[in-house]
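Undergrad: Using only what follows, build the 3D model:
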Amino acid sequence: MQTDTPLESIFSLTNHEIFVLTSTHQGQRSGQVATWVMLATLIPERMRVMAAISSQNFTQSLIHGSGRFVVNLLSAHQQTWVPHFGLRSGREFDKLTGIEVGYTDSGIPLLPDTCGWAECEVGDYLDLGDRIVYLADVVQHHFNTGVPPLRKLEAIASLGPEVLAALSAKRQEDAERDRGLIRPLRLRQPV
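TA: Coordinates of the predicted model:
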């Protein structure tokens with residue numbers, strides 16, 4: 001049966017890891033749940049990542065201003081950070097207050113007890129209107145061996161009905177806002 005409902009697409013079958021991107025610029029700091037993060041090379045000594053985030057979020061403005069961010073891979077027990085970093089804007093409050101964050105050598109916040117992190121320097125980006133896709137070099141990273149990552153389906157299963165309802169409402173609200181922002185894709189030059 002063919003369907004046009006996005007929740008019933010092949011993409012609903014994925015169970016990706018959950019990343020929080022953190023950044024800082026001109027004395028302000030914040031973090032947000034990423035739409036997605038992926039390794040963008042097979043060369044281990046030249047790690048690069050691609051990260052997609054909302055073009056409308058406060059954290060994106062910090063990344064745009066500083067040219068740097070940290071990819072924090074949440075661990076399996078950090079499911080409460082999904083609503084914390086996903087429901088409210090960093091324009092409203094400092095999302096990192098009360099969290100014992102560390103900092104990279106360049107001053108970007110690091111979330112504690114994650115699977116690890118990678119500090120990234122933006123090399124290029126693609127503005128899709130509703131999302132910004134960053135291509136970035138990893139300049140420093142840390143990996144905590146043996147810590148399992150938080151994945152989408154496990155996070156959903158562990159959150160209460162009120163939180164799930166709030167996340168669903170926020171997703172719908174963002175989708176309505178983003179409909180007016182999304183841009184058609186045009187090939188710039190033949191490949």
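Undergrad: Touching, residue 78 and residue 113? I think so.
TA: Yes: between residue 78 and residue 113 a contact is recorded at 7.0 Å, counting by C-beta atoms under 8 Å. Bear in mind the C-beta positions are built from the backbone N, C-alpha and C, glycine included.
Undergrad: more neighbours, those two?
TA: Shown here are residue 78 and residue 113; by other C-beta atoms under 10 Å, residue 78 has more neighbours (23 against 11).
Undergrad: quick one: that one is in a strand?
TA: No: applying DSSP: H, G, I helix; E, B strand; the rest coil, one finds residue 78 to be coil, outside a strand.
Undergrad: show me the contacts for it.
TA: When contacts are counted by C-beta atoms under 8 Å, 6 or more residues apart in numbering, residue 78 touches 111, 113, 114, 150.
Undergrad: Now do the third one: how many residues are near it, please.
TA: Look at residue 114: counted by other C-beta under 10 Å, it has 23 neighbours.
Undergrad: For residue 58, the count of nearby residues, please.
TA: A count of nearby residues for residue 58, using other C-beta under 10 Å, gives 20.
Undergrad: just the one 3 residues further on next, same as before
TA: Other residues within reach of residue 61 by the criterion other C-beta under 10 Å amount to 17.
Undergrad: same deal with residue 46?
TA: Applying other C-beta under 10 Å, we find 9 residues neighbouring residue 46.
Undergrad: Same question for residue 57.
TA: When neighbours are counted by other C-beta under 10 Å, residue 57 registers 21.
Undergrad: re earlier: show me which of the contacts of residue 78 is closest to residue 10.
TA: Distance ranking of those against residue 10, using C-beta to C-beta, places residue 150 first at 22.2 Å.
Undergrad: isn't residue 109 right next to residue 96, touching?
TA: Yes: under the criterion of C-beta under 8 Å, residue 109 makes contact with residue 96 at 5.5 Å.
Undergrad: buried residues in stretch 156-167?
TA: Across stretch 156-167, burial judged by 16 or more other C-beta atoms under 10 Å covers 159, 163, 166, 167.
Undergrad: Please apply the same query to stretch 62-74.
TA: Within stretch 62-74, the residues scored as buried using 16+ other C-beta under 10 Å are 62, 63, 64, 66, 68, 69, 70, 71, 72, 73, 74.
Undergrad: residue contacts, the fourth one?
TA: With contacts defined as C-beta under 8 Å, 6+ apart, the neighbours of residue 66 are 23, 24, 25, 108.
Undergrad: redo that, cut-off 6 Å
TA: When contacts are counted by C-beta atoms under 6 Å, 6 or more residues apart in numbering, residue 66 is found next to 23, 25.
Undergrad: Mind checking which of the buried residues of stretch 156-167 land in helices?
TA: Judged by DSSP state H, helices contain the following of the buried residues of stretch 156-167: 163, 166, 167.
Undergrad: nearest to residue 88, of these?
TA: residue 166 (9.9 Å).
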